[in-house]
Structures are given as structure tokens and as C-alpha cells.
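S.K.: coordinates only, sequence not included:
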């Protein structure tokens, strides 16, 4: 995989956080087609935020398809490909959180799934890159609002 999870991740803006930074270390992923890092230190102002532990995990994982799909052959009569398979990549962040003071931690999970039609990686690579650029830029741009919405339920 060409993806390397950074050892220092600059967090997106969040209400009440000042310059959030997450220091990670390479961790053993659950799946051989994945890479995973655990958050071992935090920087900036993030009151009450803790780092990865067994009881309260804080991990960032990236996975690729177990088996890559290839584009099939077009129908000889119509010239169309009836079924276009997808190659799916995932980014998963897991963080232990308290549902209520005095209760055991639960794991909150954020998943980003990216499904790329087979063949578009070669036939339209720049538009695949534009898709991902827009995704990352949008997530970075809405980080604080998304955090606020997760807390207050207002979209």
C-alpha cells in the first residue's frame, strides 16, 4: 500500500480544541490488507482526551480490498459492460468513550468508505483523485461543524 498513516496527525478544527495534534505509532492491524496506528500522545488543548489503551482504544486504520476487481469485457453486441465492480477502501477511526460517568467505556467508530469503479483508476485517474481531494477537503472544512452536530444533533 502506498498509504502511510502519519506519525503526527494535525487534527481538524473542533469547538473547544486548540491546535489538536495526535502522535501515533504503528500498530498491528486486525487484517493483513490494512495498516493501523495507535494514538500514543496528544498535543494542543484537548481537555479530557486520552490516548490509546486496551480499555479505551484510539486507533486509525486504512484498508484496501482483499481481492481487487477488474473490469469485465463489454457485451459484443451492445458494447456495454453490464456490471462494473468496485474496489473499496476504508478509513476507520476507533475511540473509547464514556456513555455515562461511572460506566464502562464503549468504542465510537467513524468509517469512511471509498468505492472506486474498476477500470477508472486507469481510464480516469485525475477524476478519482479529484473525488478524494474533495472528500478530504470537505471533511477538513466541516470538522468543527461535524463535531458540533455529533454533540447537539443539529445539522
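M.R.: The structure has been received and is ready for your questions. Please read all numbers here as calculations on a predicted model, not as lab measurements.
S.K.: did I read that right, residue 100 in a helix?
M.R.: No. Read with DSSP: H, G, I helix; E, B strand; the rest coil, residue 100 is coil and lies in no helix.
S.K.: Doesn't residue 36 belong to a strand?
M.R.: Yes. Per three-state DSSP, residue 36 lies within a strand segment.
S.K.: what's it in contact with, if anything?
M.R.: Residues in contact with residue 36 (Cβ atoms under 8 Å, 6 or more residues apart in numbering) are 5, 26-30, 59-62. Every C-beta, even on glycine, is put in place using the N, C-alpha and C of the backbone.
S.K.: again, but for residue 127
M.R.: Residue 127 neighbours (Cβ under 8 Å, 6+ apart): residue 120.
S.K.: and it, which of the three is it?
M.R.: Residue 127 ends up helix, using three-state DSSP.
S.K.: neighbours of residue 62, just the number please.
M.R.: Residue 62 has 19 neighbours, counted by other Cβ atoms under 10 Å.
S.K.: With residue 34 instead?
M.R.: Using other Cβ under 10 Å, residue 34 is surrounded by 17 other residues.
S.K.: for it, what are its contacts?
M.R.: By Cβ under 8 Å, 6+ apart, residue 34 lies in contact with 61-64.
S.K.: sec struct for residue 130, please.
M.R.: Going by three-state DSSP: residue 130 is helix.
S.K.: Look up the pLDDT of the residue of the chain positioned farthest from its centre for me, please.
M.R.: Ranked by distance from the centre of the chain (Cα atoms, centre = their mean), the top residue is residue 77, with 41.4 Å. pLDDT for residue 77: 95.
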